[in-house]
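S.K.: Need a 3D model of the following:
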Amino acid sequence: MRISLVVTIALIFASATAFAQTYQQRKNEGMLPDRQPSSATLQMFRFGGTRVGEEVYVTGTPSFESYSVPAAALIDVKKGGEIKVEIKRNDKAPVFLDTVELVAGNKRYRPKKAMADGKDVTKKLAMKDEDCVSFKDLVLEFPPIGDVDIKTVTLDFTASAGHVSKTIAMPAQKDGPTIVQSSKYFNYLPGSKKGSVVLDNVFMTEAELGRPNYTQKVTLAIGEGRESIKMWVRDDGANLSVALDVAADNTLDEASDKTVLYVRGRDGLKSFTAGAGGDEYGRMGAAYTGDSKAEHRVYEFVIPFSLLPQLDDKGKWGIAFAVTM
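M.R.: Residues are numbered from 1 along each chain as shown. You can find the predicted model right below:
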């Protein structure tokens, strides 16, 4: 028997947890702190809007956790052919998926095609590598699963969710992410590193940029690993160019992701922003680079010398930045 499956899952809020259970079940088993149910819920619907099952309350975590959702009630056995799954979330908070599989009997099927808000993300969902997908509407297509007991079919995925908003200053600041005149800076001598970048949302490779001026390892935005943040500083005699490869930011949040670049001179401190609230001198993008298997944030700045503060007594500028993941 060939089975057609069409599913819509509404993911409401925000954070991931282990296998889907109600809040009361998890509380009874001592798996939750003594507090009111969170606003994080997951609900499944039969395609067309018919609700199936009860709400599942989830708790917050910065890691990817495993879910196994029974799919039998969502399967239309009258239609043959390939399996199609639709996952939706509401606008309260982003949800990040690392992997998705359909489990039928002793076989596991990865999607042969995955489209998130019209973008092909099949590769991103192929393996557990913290290369995650954030979406409002995700459509998955699976191959036929053959003659199996539909009561055993589940949709398994690893997920994490919620608004990620942590700011990291570089060079590392003991007093947190705030950068002021007396903070640490990387000192740059104009003319010492010739080159430039173009604000075209196409990030240059490390082979093109050369050796970075500064590197720092930090914890991933979501996940359990650590990745680098690298900074390149160059100039062409008229403009200061700065490129940032933020491999640690694997959650592509359009609303909050940003980098503020600070340039210190003899007459004070000036700042320029790329990303949320950005200006004409900075651009935010997303790319795969050699430092990470996950798609992550990259930033570029091109700033005319005329907008920068005066060089300090040693003929240098101090360069620092704060990146919000």
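S.K.: Does Lys230 belong to a helix, a strand or coil?
M.R.: Assigned with DSSP: H, G, I helix; E, B strand; the rest coil, Lys230 falls in the strand class.
S.K.: That one contacts Asp245, correct?
M.R.: Yes. Assessed by Cβ atoms under 8 Å, Lys230 is found in contact with Asp245 at 4.4 Å. No exception for glycine: its C-beta is placed from N, CA and C like everyone else's.
S.K.: Would you confirm that Met284 contacts Gly277?
M.R.: No. Met284 is not in contact with Gly277 according to Cβ under 8 Å; the separation is 10.7 Å.
S.K.: still on that earlier bit, more neighbours, Lys230 and Asp245?
M.R.: Asp245 (28 against 22; other Cβ atoms under 10 Å).
S.K.: Mind jotting down where the helices sit in the stretch 151-300 of the chain?
M.R.: 206-209 (DSSP state H, counting those that start in this stretch).
S.K.: how close does the residue nearest the centre of the chain sit to Leu244?
M.R.: Taking Cα atoms, centre = their mean, the centroid of the chain lies closest to Thr251, which sits 1.1 Å from it. Using Cβ to Cβ, to the nearest Å, one gets 16 Å for the distance from Thr251 to Leu244.
S.K.: And Val218, by the same measure?
M.R.: 13 Å.
S.K.: higher neighbour count, those two?
M.R.: When Val218 and Leu244 are compared for neighbours, Leu244 comes out ahead with 25 against 19, by other Cβ under 10 Å.
S.K.: Contact partners for that one?
M.R.: Going by Cβ atoms under 8 Å, 6 or more residues apart in numbering, Leu244 touches 229-232, 259, 298-300, 321, 323.
S.K.: try Phe142
M.R.: Contact analysis of Phe142 by Cβ under 8 Å, 6+ apart lists 5, 82-85, 102, 109-112.
S.K.: Equivalent analysis for Lys123, please.
M.R.: With contact taken as Cβ under 8 Å, 6+ apart, Lys123 is in contact with Asp131.
S.K.: Need the pLDDT of it.
M.R.: Per-residue pLDDT puts Lys123 at 93.
S.K.: and stretch 192-201, C-alpha only, in PDB?
M.R.: Provided in PDB are the C-alpha atoms of stretch 192-201 (Å, rounded to 0.1, in the frame of the first residue of the first chain):
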ATOM      1  CA  SER A 192      49.300  48.300   6.900                       C
ATOM      2  CA  LYS A 193      46.700  45.900   5.300                       C
ATOM      3  CA  LYS A 194      45.800  47.000   1.800                       C
ATOM      4  CA  GLY A 195      42.400  45.800   0.400                       C
ATOM      5  CA  SER A 196      38.700  46.400   0.400                       C
ATOM      6  CA  VAL A 197      35.300  44.700   0.400                       C
ATOM      7  CA  VAL A 198      32.200  45.400  -1.600                       C
ATOM      8  CA  LEU A 199      28.800  45.900   0.100                       C
ATOM      9  CA  ASP A 200      27.000  43.400  -2.100                       C
ATOM     10  CA  ASN A 201      25.800  40.800   0.400                       C
END
